[in-house]
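Engineer: what follows is a predicted structure for the sequence shown.
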Amino acid sequence: MSSTELPGVRSTAELSSQAGAARVAEGEQLRTAVLPGLELAVRVRTPLRTGLTPALFVHGLGGSSQNWSDLMARLADTVDGEALDLPGFGWSPPPADRDYSVTAFARAVIRHLDAAGRGPVHLFGNSLGGAVSTRVAAVRPDLVRTLTLVSPALPELRVQRSAVPTALLAVPGVAALVGRLAQGLSAEQRTRGVTALCYGDPSRVTPEGFRNAVEEMERRMALPYFWEAMTRSSRGIVDAYTLGGQHGLWRQAQRVLAPSLLVYGGRDQLVSYRMAHKAAAAFRGSRLLCMPEAGHVAMMEYPEAVAAAFRELLGDTGTGASDRYIEDGRG
């Protein structure tokens, strides 16, 4: 499951400009990738030097590319990073076919990578984005150099109690009811609720980060397709959980060939901490980072620890050098 737009814990760089009304941090740019029937907002982080291997970051349910800004800044000396706003989220408009399934999101990621010619990439995913990234890595191994999953939304037999309301959005009629009930809540109240749900320690959120999240919440709630995107994406997660055979997410996890890093938070209220070892067994040769104090968005709460674990993955697997340097004998 995952976040609606979340505040950052502490920013690497002060927010310095806006693209339209979209916030971008110093060193970032927001551009638009246009494909037939699909338009994607892409947050690009300028790398600190040339020749770095490309990375792509995929956010969770209700989140945006901005959820990855802190981690991308910390990895600017390691990868050439960019983060997508999935269709219907962040600054990306809804998909033309209104398909919000995990498969459709995976297809959007693949289409973007194919069109941009950036693969293979270091692929990162959080929650819903973790399920999407798992599917991409399984069906298009040529596009994925390494896979890093933060609290991936993989099927659980016993769903966390606090995740049930998100799953209920998939039930016909429930989203409309939730929308009516939420009308009496201010953007600040909604943001506090989301922060309490997604962070292991909400007090770590800076006042500035909270104010920015409230502003983004107001913008998102005003969009005419907000509830459609949330509802259909929730339904897409539930549908993905029920798929069996070769299309099941756990079966696809077993097919991933890329070196993988799995990050789980001990205070995660949406993806159970107990799933960590099952995931580590499913992704062959994976490494596991368990963070007892983290919640659902460890890359926002503890970006320095996630960055360090990722660098260790690169160092131990030799996947940090670009193909060009490897071919030239300098990797």
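Structural biologist: Nice, thanks for sending it over.
Engineer: pLDDT score assigned to the most centrally placed residue in the chain?
Structural biologist: For the chain, His59 is the residue whose C-alpha lies nearest the centre (C-alpha atoms, centre = their mean; 2.0 Å). His59 is assigned a predicted lDDT (pLDDT) of 97.
Engineer: that one against Gly88, yeah?
Structural biologist: No. Judged on C-beta atoms under 8 Å, His59 makes no contact with Gly88 at a distance of 11.8 Å. For every residue, glycine as well, the C-beta is placed using N, CA and C.
Engineer: wasn't Glu228 part of a helix?
Structural biologist: Yes. Assessed with DSSP: H, G, I helix; E, B strand; the rest coil, Glu228 lies in a helix.
Engineer: from Thr242, how far off is it?
Structural biologist: Applying C-beta to C-beta, to the nearest Å, one obtains 21 Å for the distance of Glu228 from Thr242.
Engineer: and the helices in the stretch 1-150 of the chain?
Structural biologist: 69-74, 102-116, 128-139 (DSSP state H, counting those that start in this stretch).
Engineer: relative to Asp201, which of the ones you listed is closest?
Structural biologist: Of all the helices of the stretch 1-150 of the chain, it is helix 69-74 that lies closest to Asp201, at 15.6 Å by C-beta to C-beta.
Engineer: which other helices and strands contact the closest one?
Structural biologist: Under the contact definition 3 or more C-beta pairs under 8 Å, 6 or more residues apart in numbering; DSSP states H and E, helix 69-74 sits against strand 38-45, strand 53-58, strand 79-84, helix 298-301, helix 303-317.
Engineer: how far out from the middle of the chain is that helix?
Structural biologist: Centre-to-centre, helix 69-74 and its host chain are 13 Å apart (C-alpha atoms, centre = their mean, to the nearest Å).
Engineer: got it, and stretch 26-40?
Structural biologist: On C-alpha atoms, centre = their mean, the centre of stretch 26-40 falls 16 Å from that of its chain.
Engineer: ranking the helices of the stretch 1-150 of the chain by burial, who's on top?
Structural biologist: Counting by mean count of other C-beta atoms under 10 Å, helix 128-139 has the highest mean neighbour count of the helices of the stretch 1-150 of the chain, with a mean of 28.
Engineer: under the pLDDT cut-off, which ranges of this structure? List them.
Structural biologist: For the chain, the stretches with pLDDT under 70 are 1-21, 157-183, 321-331.
Engineer: just the strands from it, written as ranges.
Structural biologist: Secondary structure of the chain by DSSP state E: the strands cover 15-19, 22-25, 28-35, 38-45, 53-58, 79-84, 121-126, 144-150, 260-265, 287-291.
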